[in-house]
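Following is a predicted model, sequence given first.
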Amino acid sequence: MRLTTQTATRIGMLMLTLGLAHQSLAQKPPSWGSESSPTPNAGGSVSRDVNSAADRGMNKEVEYTNANKVGPRLVVLPGEIKSNNSTFLQKFSSNNIADFGELELSKANFQVLERADLGPVLNEMQLAYGAGDPDAARKQMSKGKLKTTKWIVKFDILKAEEVAQEKKGFNGGVAKNLIGIFGNYSKATSAAQEVTGSVDTASGAKVWIIGMRYKIIDAVTTDIVAQNYTEEKMEVGATGTKVAGVSSEAAGGVSLDTLVQRLIQKSVWDIDAKHK
């Protein structure tokens, strides 16, 4: 059977499309959804609700504006946590924040020198840049891999505070007594008292504001090349209902880990877009 040029072209285009589709599928990273959970209530309504809530708190990749352009060589120093909030301090250290910073700056195509490679030099660098001492900084930058380093980057938490809280609830005990006072005694009234008395609902929410500053420092002069500040809200809430022995509870919110990573992503986006 002889194929016309037009038919051959169509077949070629179809094969190319199928090949690209296959390649796209092959390059897709592995993923495990809620269906892979071995818990006994997997797939049920409770599982679907809690997984849906968790999905909203999952990390989302950021597309950096100039990711196709190689950024300067830099070192991320552990920043400072200025807030004295005990909950935040128990959860985070300056190293956690620097780890997120290295990760996102690498994704934005900056040449990030691993802090682990610096060894004891890291502490001396922190002292030099913390004191704004250019002589000490130049001395550190003359060593090994640091010779071609252009920037020192720090991410500092300046604010971590709970700014708003609200609670609401209903306790059926009082309403049960009112039915008894104002209602004539009957089986219906007695049943209403029992059901109403068993109702107990409560909901509450707390909102935190976490603020981060990034600072880019010239590796040799210790001058501040650029800096900026950004904030994000974090809401944590819970709700519970109990009626006639049947209860339901739900709690959730964005974690501190996720919120700090989002602040890092916003900061790195700003660095990539404005200072690369």
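Happy to help now that I have it.

So for residue 85, what pLDDT did the model give?
Listed pLDDT for residue 85 reads 72.

Tell me how many other residues surround it.
The tally of other residues near residue 85 (other C-beta atoms under 10 Å) stands at 16. C-beta coordinates here come from the backbone N, C-alpha and C atoms, glycine included.

Surely it is in contact with residue 157?
No. With contact defined as C-beta atoms under 8 Å, residue 85 does not count as touching residue 157 (9.5 Å).

Residue 234 looks like it's in a strand, true?
Yes. Assigned with DSSP: H, G, I helix; E, B strand; the rest coil, residue 234 falls within a strand.

For the closest residue to it other than its chain neighbours, give me phi and psi.
What sits nearest to residue 234 in space, not counting adjacent residues and going by C-beta to C-beta, 6 or more residues apart in numbering, is residue 208, at 4.3 Å. With angles defined as degrees, to the nearest 10, residue 208 sits at phi -110, psi 150.

if we look at the sheet, which residues does residue 208 bridge to?
Taking DSSP bridges, one obtains residue 162, residue 234 as the residues bridged to residue 208.

ok, residue 67 to residue 138 distance?
Per C-beta to C-beta, to the nearest Å, residue 67 is found 31 Å from residue 138.

what's the answer for residue 78, then?
Remark: distance between residue 78 and residue 138 (C-beta to C-beta) = 21 Å.

Look at these two and report which has more neighbours.
Ranked by neighbour count (other C-beta under 10 Å), residue 78 and residue 138 place residue 78 first, with 20 against 14.

burial measure for the closest residue to that one other than its chain neighbours, as a count.
Excluding the flanking residues, the one nearest residue 78 by C-beta to C-beta, 6+ apart is residue 94, at 3.6 Å. Counted with other C-beta under 10 Å, the neighbours of residue 94 add up to 17.

Okay, and residue 217 sits in which element?
strand 200-218 (DSSP states H and E).

can you give me the strands for the protein?
Taking DSSP state E as the test, the strands found in the chain are 73-77, 111-113, 151-171, 200-218, 224-243, 246-253.

Between the ones you listed, which has the poorest mean confidence score?
Among those, strand 246-253 scores lowest, with a mean of 44.

circling back: which pLDDT value belongs to the residue nearest to residue 78?
71.

which ones are touching it?
78-81 (C-beta atoms under 8 Å, 6 or more residues apart in numbering).

go again using 10 Å as the cut-off
Residues near residue 94 by C-beta atoms under 10 Å, 6 or more residues apart in numbering: 77-81, 126, 154-157.

Spit out the residues that contact residue 85 and residue 157 alike.
Common neighbours of residue 85 and residue 157, counting by C-beta under 10 Å, 6+ apart, are residue 210.

Show the contacting residues for the nearest residue to residue 83 once chain neighbours are set aside.
Spatially, and ignoring its direct neighbours in sequence, residue 83 is nearest to residue 160 (3.8 Å; C-beta to C-beta, 6+ apart). Going by C-beta under 10 Å, 6+ apart, residue 160 touches 81-85, 87-89, 91-92, 208-212, 234, 256, 259-260.

Just the buried residues out of those residues, in ChimeraX syntax.
Entered in ChimeraX, the line below selects the buried ones among the contacts of residue 160, by 16 or more other C-beta atoms under 10 Å:
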select :81,83,85,88,92,208,210,211,212,234,256,259,260
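
mind checking pLDDT for the residue nearest to residue 115 when sequence neighbours are not counted?
Sequence neighbours aside, residue 122 is the residue nearest to residue 115 in space, at 5.8 Å (criterion: C-beta to C-beta, 6+ apart). We have a pLDDT of 81 for residue 122.

And the residue nearest to residue 234, how far from residue 66?
Distance, residue 208 to residue 66, by C-beta to C-beta: 32 Å.

repeat for residue 218
Residue 218 is 20 Å from residue 66, by C-beta to C-beta.
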